[in-house]
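1. mind folding the following:
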Amino acid sequence: MTLGWRYTTHPGLGVLSLAGHLGADAVAQFTGAVGWALARGSGPVILDLTELRGWSVRGRLAVGEAARRLAAEGRPLELAAIPADGSLVPDAGGPPMTVHCDLTTALAAHRGCGEEQREWRSDDWPE
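-> Numbers count the residues shown, from 1 in each chain. Model prediction:
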């Protein structure tokens, strides 16, 4: 199963949405998407997992690594719509991550974030 991503900027924050499966074979693609978000946005990054169909242990570890990478740049990582299997166990040594039940709630927590400004997506992003 493949991983698709879409990065959307809003004033003062970015939304990195994933679709498909974040397995060991997709970690490099995910890491690249996080780099894209770092280079093209500012403020917090909301990782939208609404369309994520599953993730491996390596995929979950990659999310923790992304949180550390973003924190090193002064940008927190927030999670929206994590899979209901309860498989995400944040690394106690990593930066704190706010978890929102869905993307709408995550965006509402950033009142005044405004409309989408720009969007980029991978070739594997579903239409």
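2. so Thr98 sits against Ile82, correct?
-> No: taking Cβ atoms under 8 Å as the contact criterion, Thr98 and Ile82 are not neighbours in contact, 11.4 Å apart. No exception for glycine: its C-beta is placed from N, CA and C like everyone else's.
3. these two: which has the busier surroundings?
-> The residue with the greater number of neighbours, taking Thr98 and Ile82 and applying other Cβ atoms under 10 Å, is Ile82; the counts read 21 against 13.
4. got a list of what Thr50 touches?
-> Counting by Cβ atoms under 8 Å, 6 or more residues apart in numbering, Thr50 makes contact with 17, 80-81, 102-103.
5. among the residues you listed, which one sits closest to Ala62?
-> Nearest to Ala62, judged by Cβ to Cβ, of the contacts of Thr50 is Ser17 at 15.6 Å.
6. which residue packs closest to the closest one, ignoring adjacent ones?
-> Nearest residue to Ser17 in three dimensions, chain neighbours excluded: Asp48, at 4.0 Å (Cβ to Cβ, 6 or more residues apart in numbering).
7. I figured that neighbour hits Ile82, correct?
-> No: counting by Cβ under 8 Å, Ile82 is not a contact partner of Asp48; they are 10.1 Å apart.
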